[in-house]
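Student: here's my sequence, what's the structure:
(chains A and B)
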Amino acid sequence: DGGITQSPKYLFRKEGQNVTLSCEQNLNHDAMYWYRQDPGQGLRLIYYSQIVNDFQKGDIAEGYSVSREKKESFPLTVTSAQKNPTAFYLCASSKGTAYGYTFGSGTRLTVV
Amino acid sequence: GDSVTQMEGPVTLSEEAFLTINCTYTATGYPSLFWYVQYPGEGLQLLLKATKADDKGSNKGFEATYRKETTSFHLEKGSVQVSDSAVYFCALGNTDKLIFGTGTRLQVFP
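Tutor: Below you'll find the model as predicted:
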């Protein structure tokens, strides 16, 4: 079955360390997206990519970086420059916004 | 720019009650409209969608009609169950990314 996989489900890191969250899809979707969700809050767009080797900043890109070397993969790095990285991170993919997104199950990052 | 406004929660209902969650939008052109549901600790799942005016999306007893004249896409269900307790997001697709509302938490009690 096609889908989108985020790993790991839970991630713990010490303050000051960079950490990379994985997102892989086998839906053959061109577009991929990263969102951050804080407790009781909505979704905030971090980065998105419409095509391989190209990506755009979203509303809260500071302290994050991404790459899109393969169509299937869109990893997100949370750098030490991100002031408050503890959050739930959601990855999504799409074949076009008229069709909506398919979301992964999320990664909960806790920085201690 | 494009935007989505949905009613604030939480919405608290007894089992078998009628549900309405309001969603209105602002957009140029003819966007697609969506409702997503998020259960605790999980990602969002597409619940239903509509792509043009007067379309009705439906799934699992939930319905929403694309009303261009009132720029609305309200979510309804005739009889909610405890298992419907979740956060519901309205979204609009018009450009290269979806625009989401802030989410409405639904709590259904037996």
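Student: how many residues are close by the residue nearest to A:F103 when sequence neighbours are not counted?
Tutor: Spatial nearest neighbour of A:F103, chain neighbours left out: B:G43 (3.8 Å); criterion: C-beta to C-beta, 6 or more residues apart in numbering or on different chains. C-beta coordinates here come from the backbone N, C-alpha and C atoms, glycine included. Burial of B:G43 is recorded as 22 neighbouring residues (other C-beta atoms under 10 Å in any protein chain shown).
Student: next one: phi and psi at B:G43?
Tutor: phi -80, psi 180 (degrees, to the nearest 10).
Student: tell me if I'm right that it and A:L90 touch.
Tutor: Yes. Counting by C-beta atoms under 8 Å, B:G43 touches A:L90, with 5.6 Å between them.
Student: spit out the residues that contact the two alike.
Tutor: A:Q6, A:F103, A:G104, A:G106 (C-beta atoms under 8 Å, 6 or more residues apart in numbering or on different chains).
Student: any chance of the residues you listed in TSV, with secondary structure, neighbour count and pLDDT too?
Tutor: Below are the shared contacts of B:G43 and A:L90 laid out as TSV (DSSP: H, G, I helix; E, B strand; the rest coil; neighbours: other C-beta atoms under 10 Å in any protein chain shown; pLDDT from 0 to 100):
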residue	secondary structure	neighbour count	pLDDT
A:Q6	strand	22	97
A:F103	strand	23	97
A:G104	coil	25	97
A:G106	coil	22	97
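Student: and the furthest pair within those residues?
Tutor: Farthest pair in the shared contacts of B:G43 and A:L90 (C-beta to C-beta) is A:Q6 and A:F103. Separation: 8.9 Å.
Student: so what sits against both of these two?
Tutor: With C-beta under 8 Å, 6+ apart, A:Q6 and A:F103 have common neighbours A:L90, A:C91, B:G43.
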